[in-house]
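**Student:** Curious how this folds, go ahead:
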Amino acid sequence: MTEPVSVDAKQADDLSLLRTVEQFNIFFVVLLALSGWYLSGWHCAKSVLIGGALSGGSFFALKRTMMQIVSRIALPDAQRPAAGFAVKFYIRLMVLVLLLAVVSMSVSIHLIGLVAGLSTVMVSVIFVTLARGLMEFSGKHAKGA
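**Tutor:** Residues are numbered from 1 along each chain as shown. Now for the predicted structure:
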């Protein structure tokens, strides 16, 4: 049988997972930028860095919003934060679109590099969660044998 996990340990594990995603995302953006610079030049590397900064910033803002919502839900007599979350989500999306528009008007953008940079958070989340799941599965599998 498994032991019950305390809420604090679960939150610490979740925050550790989010920090791992953020750290891997920074590594992945730098790796893609260096690859873009080597294969296509500074123009592509700059676009990867711009896309990575925008998606990483959006991910960080989403993480902060979700942590605020979770802390509000944990309090007694908490109001339902769903409306506030939706408003913050759309504001963050509009800020992201405006930043992307301003950057694309002021700087020459390599489209493939930008899309690669914008995709880094998604790839980082997939990679880190698969790696964590593989580690947990192999640990449980070894214990059960």
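
**Student:** can you list the weak-confidence ranges in the protein?
**Tutor:** For the chain, the stretches flagged by pLDDT under 70 are 1-11, 74-83, 139-145.

**Student:** Would you map the strands across it?
**Tutor:** Taking DSSP state E as the criterion, the chain contains no strands.

**Student:** T120 contacts V30, correct?
**Tutor:** No: with contact defined as C-beta atoms under 8 Å, T120 does not count as touching V30 (9.9 Å). C-betas here are computed from N, CA, C, even on glycine.

**Student:** Which one of these two is surrounded by more residues?
**Tutor:** T120 (26 against 15; other C-beta atoms under 10 Å).

**Student:** Next one: that one from R72, what distance?
**Tutor:** Distance, T120 to R72, by C-beta to C-beta, to the nearest Å: 30 Å.

**Student:** for H43, same thing?
**Tutor:** According to C-beta to C-beta, H43 stands 44 Å off from R72.

**Student:** Helices of the protein, start to end?
**Tutor:** For the chain, the helices defined by DSSP state H occupy 7-40, 42-74, 82-106, 111-118, 120-144.

**Student:** Pick the most buried one from those.
**Tutor:** Of the helices of the chain, the one with the most neighbours on average (mean count of other C-beta atoms under 10 Å) is helix 111-118, at a mean of 20.

**Student:** Who are the packing partners of it?
**Tutor:** helix 7-40, helix 42-74 (3 or more C-beta pairs under 8 Å, 6 or more residues apart in numbering; DSSP states H and E).

**Student:** Indicate which one of the ones you listed is closest to G84.
**Tutor:** Of all the helices and strands packed on helix 111-118, helix 42-74 sits nearest to G84, with 7.8 Å by C-beta to C-beta.

**Student:** which helices and strands sit right next to the closest one?
**Tutor:** Here helix 42-74 touches helix 7-40, helix 82-106, helix 111-118, helix 120-144, going by 3+ C-beta pairs under 8 Å, 6+ apart.

**Student:** quick one: which of those is nearest G51?
**Tutor:** Among the helices and strands packed on helix 42-74, the nearest to G51 by C-beta to C-beta is helix 111-118 (2.3 Å).

**Student:** the inter-axis angle of the closest one versus helix 7-40?
**Tutor:** Inter-element angle recorded for helix 111-118 and helix 7-40: 160 degrees (by axes from the mean of the first three to the mean of the last three C-alpha atoms, to 10 degrees).
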